[in-house]
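Engineer: Here is a sequence with its predicted model. Questions after.
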Amino acid sequence: MTLIPEVCPRSYRVYTRKNIDKNQKFKLISKELRNAVKTVSTVLPFKVNNYITEELIDWENLPADPLFQLYFPQADMLDPAARNRIQRLLDAGAPDHTLLSAVRDIQMGFNPHPAGQMEMNVPLVDGSPVAGMQHKYDETVLFFPSHGQTCHAYCTYCFRWAQFVGLDRLRFASRNVDDLVRYLASHTEVTDVLFTGGDPLTMSAALLRRYLEPLIARKPGGLQTIRIGTKVPASWPYRFVTDRDADDLIRLFDEVVDSGLHLAVMVHYSHPRELETAAAQAAVRRIVGTGATVRCQAPLIRHVNDDPEIWARMWRAQVRLGMVPYYMFVERDTGPKHYFKTPLARAYTIFTEAYRRVSGLCRTVRGPSMSATPGKIVIEGVSEINSEKVFVLKFLQGRDSRWVNRLFYAAWDANAHWLDELKPAGGRKRFFFEELLEQIKSERAPDSYLKMA
């Protein structure tokens, strides 16, 4: 029998830019930090809750505390010109429309939807894009339930930040699960549906049931697995333990598993501290107890977890609690990437050093992996070919399935942060996949998703 730590119920309280001054901890920090949070959160989404402020953040270690960096906007997330522009408008009491115009200008310079999400990922049916869905890899379809396009807290480095800032024409969302069922029925190559957002587990159990029951009942096409992408076990674990409908949610998970479908809860843990509270551990044990598999993933982020010992500790804790370390990602090419990004060479070193420090049970993890336009590409190693130092790269997923598991080589670059900053090794002009990738791009209308707005 699995012992669940005793957890006292906690009432959920949310803090945003509008009311963060009411938080007792926030009141005590320096005026400079408070002003930075207020200024930057005008541009980037900001939302925390009382669990994070009372149980996760070390307020004696500001601003360096990694959980503070994870959830509270920092001054340098905006370049000085942008920050000064917003600060001047705020100080002058500028009209809302003037401030919003400046904010939108900055946001659109942040590459809101990277890696071809709008231009290439949205499926077409009879030549028309399907709202609220993405289909990049053969076996997996992403579905964005409208009711789940928020989070209990916003990570400052979130690559889906554009879902949360009121840019409706760029927002993925759908209320129509019947469209998903029909699409799956006609695409039998799809085995996995990933419910994503935002965070689907911010929905009530009753709402989530409305999206899941048609899949459980009909098992359309070749469906085998329901995945749910979430950070709720890290940012509000009471959702699974003491919230009013926590038992209803756990029963729903039981029903998915009992139906014969595989349930994979894809949890985003960024730092081992998110696994150390009694509530966090109780949440994990309840989820695992349903028969669901919990797979853990997060990006490597400067200021938050760019240390091999942090990753080693986190992977060990995940295995100890019955979870599966899954991915270390490279921070995506979006949002305040300049603040968080880590050179690929350093990312590989951090991953390798952490990997060496753990047992084989933790080595299910893959990384550092880039979710780039052509696919998921992992840095497999650093080697030398004909006296040339190279990155050894491999496709874990590809827009064309023939690329999967294929190795290729890029010239060593100690300063590169992303795939498009790398050059082919051996003096080649192009990587092997680039010609076909251009063809795939040309076959899609460049504004297909925007036509839906």
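Structural biologist: It's in.
Engineer: When you work out contacts or count neighbours from here on, use the C-alpha atoms and nothing else.
Structural biologist: Noted.
Engineer: Convert the C-alpha atoms of the longest strand anywhere in the chain to CSV, please.
Structural biologist: Secondary structure assigned by DSSP state E gives strand 376-385 as the longest strand of the chain. This file holds the C-alpha atoms of strand 376-385, laid out as CSV (Å, rounded to 0.1, in the frame of the first residue of the first chain):
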residue,chain,number,x,y,z
LYS,A,376,12.9,17.2,-32.4
ILE,A,377,16.6,17.2,-32.7
VAL,A,378,18.9,16.0,-29.9
ILE,A,379,22.5,16.7,-29.4
GLU,A,380,23.9,13.2,-29.2
GLY,A,381,27.5,14.1,-28.7
VAL,A,382,30.6,16.1,-29.7
SER,A,383,33.1,14.4,-31.9
GLU,A,384,35.8,15.0,-34.5
ILE,A,385,35.6,14.1,-38.2
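Engineer: by contact count, what packs against that strand?
Structural biologist: Strand 376-385 is packed against strand 366-371, strand 388-395, with contacts defined by 3 or more Cα pairs under 8 Å, 6 or more residues apart in numbering; DSSP states H and E.
Engineer: now the ones you listed in CSV, with mean pLDDT and mean neighbour count?
Structural biologist: Listed next are those as CSV, based on pLDDT from 0 to 100; neighbours: other Cα atoms under 10 Å:
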stretch, mean pLDDT, mean neighbour count
strand 366-371, 97, 23
strand 388-395, 98, 20
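Engineer: Tell me which of those strands sits nearest to residue 102.
Structural biologist: With Cα to Cα, the closest approach to residue 102 among the helices and strands packed on strand 376-385 belongs to strand 366-371: 29.8 Å.
Engineer: Just checking: what are the partner strands of the closest one?
Structural biologist: Strand 366-371 has the following sheet partners, assigned by DSSP bridges: strand 324-330 (parallel), strand 376-385 (antiparallel).
Engineer: which stretches of the stretch 1-150 of the chain aren't confidently modelled?
Structural biologist: Along the stretch 1-150 of the chain, segments meeting pLDDT under 70 span 1-5, 113-119.
Engineer: Which residue ranges of it form helices?
Structural biologist: Secondary structure of the stretch 1-150 of the chain (DSSP state H, counting those that start in this stretch): helices at 24-27, 31-40, 50-51, 66-71, 80-91, 96-108.
Engineer: Who are the packing partners of the first one?
Structural biologist: For helix 24-27, not one helix or strand is in contact under the criterion 3+ Cα pairs under 8 Å, 6+ apart.
Engineer: circling back to that earlier point, quick one, which of the helices of the stretch 1-150 of the chain is packed in tightest?
Structural biologist: Ranked by mean neighbour count, those are led by helix 66-71 with a mean of 22 (mean count of other Cα atoms under 10 Å).
Engineer: what sits up against it?
Structural biologist: The contact list for helix 66-71, computed with Cα atoms under 8 Å, 6 or more residues apart in numbering, reads 46-48, 56-58, 62-63, 153-157, 271, 303-305.
Engineer: Report the buried members of these.
Structural biologist: Listed as buried from these are 46-48, 56-58, 63, 153-157, 271, 303-305; burial here means 16 or more other Cα atoms under 10 Å.
Engineer: From those, pick the one nearest residue 279.
Structural biologist: Residue 279 lies nearest to residue 56 out of the buried ones among the contacts of helix 66-71, by Cα to Cα, at 11.4 Å.
Engineer: The closest one touches residue 272, doesn't it?
Structural biologist: No. At 10.4 Å, residue 56 does not count as touching residue 272 under the criterion of Cα atoms under 8 Å.
Engineer: ok, back up a step: how about the helices of the stretch 1-150 of the chain, which one is nearest residue 251?
Structural biologist: Smallest distance to residue 251 across the helices of the stretch 1-150 of the chain (Cα to Cα): 24.5 Å, for helix 50-51.
Engineer: which parts of the one helix or strand residue 317 maps to are buried?
Structural biologist: For residue 317, the host element (DSSP states H and E) is helix 308-320. Using 16+ other Cα under 10 Å as the test for burial, helix 308-320 gives 308-319.
Engineer: Next: stretch 188-204.
Structural biologist: In stretch 188-204, counting by 16+ other Cα under 10 Å, buried: 190-204.
Engineer: out of those, what pair is the most spread apart?
Structural biologist: Every pair of these checked by Cα to Cα; the farthest is 190 and 204, at 27.0 Å.
Engineer: which stretches of the stretch 351-453 of the chain form helices?
Structural biologist: Using DSSP H, counting those that start in this stretch, helices in the stretch 351-453 of the chain cover 434-442.
Engineer: pLDDT below threshold where in it?
Structural biologist: For the stretch 351-453 of the chain, the stretches flagged by pLDDT under 70 are 444-453.
Engineer: Roughly how far does residue 184 sit from residue 345?
Structural biologist: Using Cα to Cα, to the nearest Å, residue 184 is found at 40 Å from residue 345.
Engineer: returning to what we had before: could I get the buried residues of helix 308-320 as CSV with pLDDT?
Structural biologist: Putting the buried residues of helix 308-320 into CSV (pLDDT from 0 to 100) gives the following:
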residue, pLDDT
308, 98
309, 98
310, 98
311, 98
312, 98
313, 98
314, 98
315, 98
316, 98
317, 98
318, 98
319, 98
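Engineer: Would you format these as JSON lines with distance to residue 333 included?
Structural biologist: Formatted as JSON lines, the buried residues of helix 308-320 follow (distance: Cα to Cα, whole Å):
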{"residue": "308", "distance to residue 333": "22"}
{"residue": "309", "distance to residue 333": "25"}
{"residue": "310", "distance to residue 333": "23"}
{"residue": "311", "distance to residue 333": "22"}
{"residue": "312", "distance to residue 333": "25"}
{"residue": "313", "distance to residue 333": "27"}
{"residue": "314", "distance to residue 333": "25"}
{"residue": "315", "distance to residue 333": "25"}
{"residue": "316", "distance to residue 333": "29"}
{"residue": "317", "distance to residue 333": "29"}
{"residue": "318", "distance to residue 333": "27"}
{"residue": "319", "distance to residue 333": "30"}
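Engineer: is it possible to export the helices and strands packed on strand 376-385 to a markdown table including distance to residue 430?
Structural biologist: A markdown table is the format used below for the helices and strands packed on strand 376-385 (distance: least, Cα to Cα, whole Å):
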| stretch | distance to residue 430 |
| --- | --- |
| strand 366-371 | 18 |
| strand 388-395 | 14 |
